[in-house]
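**Student:** Need a 3D model of the sequence below.
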Amino acid sequence: MQPPSDFSGITASSGIAELTALRRAYAAGALSPRQVVDMLVAKSGEYDEYNVWIIPPAQMPLQSYLERLDNLDPGDTQRYPLWGIPFAIKDNIDLAGVCTTAGCPGYSYLPDKNATVVQRLIEAGAIPVGKTNLDQFATGLVGTRSPYGECCNALRPELLSGGSSSGSAVSVALGLASFALGSDTAGSGRVPAALNGIYGLKPPRGSWSNSGLVPACASLDCITVFANSLADLQLVDSVASGYDSNCPWSRDDLQRSGGGGGDIVANSADLPAVIYLPAEQPRFFGPFAQSYQQRWLAFTTRLRE
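**Tutor:** Model prediction:
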């Protein structure tokens, strides 16, 4: 199946990229969720050596989610803004009826209900397509500390994918999901986003419920999201955020920028008056030192401008 080429980010060779592009394809009648799921199952099999999945799409109960979509109105974008959108879930976050391992087979258990964030996404029409690999118990920043195999970098397989949300980041970067849930305690949702060339959002602690998340450090944990654009992050955030009485860390006093609940774009009043930089340029090391230095100079030039 070869989707039309006029929908950016959607091709049989590249997989599913931007969520917003997929929504346009659905609205135009150019694709159906079943076609997309079939594409992802086939494409995921091409990347077995990347060790992206603990439970891959081919082993997921996808039919039940597709049948549910038949009873939802795709035109009702207020209630179902994620209708037919495939997403991956880090395997320390519960999906009802599918084992949660946290990267440890001996720890595995079968949850009887979804994590709160997962439930909100499914209610909005999203399709969970797989559980992703991670540094065991979400303790690590490299993506290699898993009995399910080392997760390869999507851009250069010989390099680190980053962790602990390695599989989630790589699934998005390879076009195997439109977005993916990860978690972040000390960088696990931001490091793999950076190393795989995609966007990652760590919401303010307490704005997304942690109910159904295997804790690494409960007071610092955040469920996070990976996507291919800022607009996609913003849309997922608008669905996932909100107070949850079942989560002791959830907060109902958070004021999000712009007052829209999901608006993650800073207003000018939120920007710092002063940005401090080191007096001397940092030293850079390793085989990519020159590239690091060029990126540093480009970014600091932007700040000064």
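
**Student:** Give me the helices and strands touching the host helix or strand of residue 22, please.
**Tutor:** Assigned by DSSP states H and E, residue 22 falls within helix 19-27. When contacts are defined as 3 or more C-beta pairs under 8 Å, 6 or more residues apart in numbering; DSSP states H and E, helix 19-27 packs onto strand 10-11, helix 230-240. Every residue, glycine included, has its C-beta placed from N, CA and C.

**Student:** at 10 Å what do you get?
**Tutor:** Judged by 3 or more C-beta pairs under 10 Å, 6 or more residues apart in numbering; DSSP states H and E, the packing partners of helix 19-27 are strand 10-11, helix 33-44, strand 86-90, helix 230-240.

**Student:** With mean neighbour count, distance to residue 196 and mean pLDDT as new columns, can the ones you listed be given to me in TSV?
**Tutor:** Shown next, in TSV, are the helices and strands packed on helix 19-27 (neighbours: other C-beta atoms under 10 Å; distance: least, C-beta to C-beta, whole Å; pLDDT from 0 to 100):
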stretch	mean neighbour count	distance to residue 196	mean pLDDT
strand 10-11	20	19	41
helix 33-44	19	16	94
strand 86-90	29	13	98
helix 230-240	21	15	95
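
**Student:** Turn those into TSV, including distance to residue 78.
**Tutor:** Shown next, in TSV, are the helices and strands packed on helix 19-27 (distance: least, C-beta to C-beta, whole Å):
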stretch	distance to residue 78
strand 10-11	24
helix 33-44	19
strand 86-90	19
helix 230-240	11
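
**Student:** out of these, which comes closest to residue 187?
**Tutor:** Residue 187 lies closest, by C-beta to C-beta, to one member of the helices and strands packed on helix 19-27: strand 86-90, at 14.2 Å.

**Student:** Just the C-alphas of that closest one, formatted as PDB.
**Tutor:** This file holds the C-alpha atoms of strand 86-90, laid out as PDB (Å, rounded to 0.1, in the frame of the first residue of the first chain):
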ATOM      1  CA  PRO A  86      -0.900   5.300  16.500                       C
ATOM      2  CA  PHE A  87       1.300   5.800  19.600                       C
ATOM      3  CA  ALA A  88       3.900   3.700  21.400                       C
ATOM      4  CA  ILE A  89       4.200   3.200  25.200                       C
ATOM      5  CA  LYS A  90       7.300   2.900  27.300                       C
END
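
**Student:** partners of it, with directions?
**Tutor:** Here strand 86-90 has these sheet partners by DSSP bridges: strand 127-132 (parallel), strand 179-184 (parallel).
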